[in-house]
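Trainee: below are the sequence and a predicted model; questions follow.
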Amino acid sequence: MNPNELKAMVGREATAYVSPGMLVGVGTGSTVNHFIEALARMKQGIAGAVSSSHATTARLRALGIMVVDANEVESLEVYIDGADEIDHRGFMVKGGGGALTREKIVAAMAQRFICIAVESKLVPTLGTFPLPVEVIPMAAKLVARRLRALGGEPVLREGVTTDNGCQILDVRGLHIADPLAMEHEINQWPGVVTVGVFARNKANVCLLGTDQGVKTLNF
Ligand code: 5RP
């Protein structure tokens, strides 16, 4: 199967975690787009969705799925999203699509994070994929210096402004052996909006697309 077929397979499989009347937290990215298509086929049965980006909101609405403002919702049973990397504990690197801040907000509202990903995203240690860090533009250089001091090589994502009017630094060269500690550390720096390590809001389940079918990992 090619990567797109694997993504479509896990996107469809994720609908098993959606029950009648549910408000669903919906992530961002090419894998989630397949989930949104599958969700649209059962849209009469759900209450709506809380979205993690302008792009996802547009896609949900185009397919007739009602989008509910996060501030109108107290909690969600599930949040379904992709990842750039996931390890064997359910810790992830996210933000390749630039939506990390809103993704982390919706993930924090949910009782369970269901990650949908192709097999190649499963890694022994996070850090090969460049770690996205969303920053307030004024702090970009300050944060970049601190990331270099940690051993990383940050590069500004050129021409990108996030849904929050901010910038993204993509950081190569970090070996994220302790995701909880790294998330905690970088999150505290002035000017950092969100770091793309999802450790506190890690996955509870990963639906992994393989040539042999969907493999379910429970964390
Ligand atoms: C967007 C994300 C995505 O979940 C991540 O980049 C994976 O995307 P894709 O499903 O296209 O591989 O974090 O900010």
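Mentor: Perfect, I can see it now. The model shown is predicted, which means the values in this text are computed figures rather than measured ones. Numbering: from 1, shown residues only.
Trainee: need the helices for this protein, in chain order.
Mentor: Under the criterion DSSP state H, the chain contains helices at 3-13, 30-40, 54-62, 100-109, 140-149, 179-187.
Trainee: so which of these is nearest Thr128?
Mentor: Thr128 lies closest, by CB to CB, to one member of the helices of the chain: helix 179-187, at 13.6 Å. For the C-beta atoms, the positions are set from N, CA and C on the backbone; glycine is no exception.
Trainee: helices or strands next to the longest strand anywhere in the chain in the packing?
Mentor: Ordering each strand of the chain by length in residues (DSSP state E) puts strand 110-118 first. Judged by 3 or more CB pairs under 8 Å, 6 or more residues apart in numbering; DSSP states H and E, the packing partners of strand 110-118 are helix 3-13, helix 30-40, strand 76-81, strand 205-210.
Trainee: turn the ones you listed into JSON lines, columns for mean neighbour count.
Mentor: Formatted as JSON lines, these follow (neighbours: other CB atoms under 10 Å):
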{"stretch": "helix 3-13", "mean neighbour count": "19"}
{"stretch": "helix 30-40", "mean neighbour count": "21"}
{"stretch": "strand 76-81", "mean neighbour count": "25"}
{"stretch": "strand 205-210", "mean neighbour count": "22"}
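Trainee: how about CSV for the ones you listed, with distance to Asp178 and mean pLDDT added?
Mentor: CSV is the format used below for the helices and strands packed on strand 110-118 (distance: least, CB to CB, whole Å; pLDDT from 0 to 100):
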stretch, distance to Asp178, mean pLDDT
helix 3-13, 28, 97
helix 30-40, 27, 98
strand 76-81, 23, 98
strand 205-210, 20, 98
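Trainee: the ligand is nearest to which of those?
Mentor: helix 30-40 (3.2 Å; CB to the nearest ligand atom).
Trainee: was I right about Gly97 contacting Ser53?
Mentor: Yes: at 7.5 Å, Gly97 and Ser53 qualify as touching, with contact defined as CB atoms under 8 Å.
Trainee: overlap in contacts of those two?
Mentor: Both Gly97 and Ser53 are contacted by Thr28, under the criterion CB atoms under 8 Å, 6 or more residues apart in numbering.
Trainee: which one's more surrounded, those two?
Mentor: Between Gly97 and Ser53, counted using other CB atoms under 10 Å, the more crowded position is Ser53 (23 against 20).
Trainee: mind listing what that one touches?
Mentor: Contact analysis of Ser53 by CB under 8 Å, 6+ apart lists 28, 97-99, 102-103, 163.
Trainee: between the longest strand of the chain and helix 30-40, how many degrees?
Mentor: For strand 110-118 against helix 30-40, the angle by axes from the mean of the first three to the mean of the last three CA atoms, to 10 degrees is 120 degrees.
Trainee: relative to the ligand, how far out is Val24?
Mentor: 15 Å (CB to the nearest ligand atom, to the nearest Å).
Trainee: number of residues surrounding that residue?
Mentor: Around Val24 sit 29 other residues, with neighbours defined as other CB under 10 Å.
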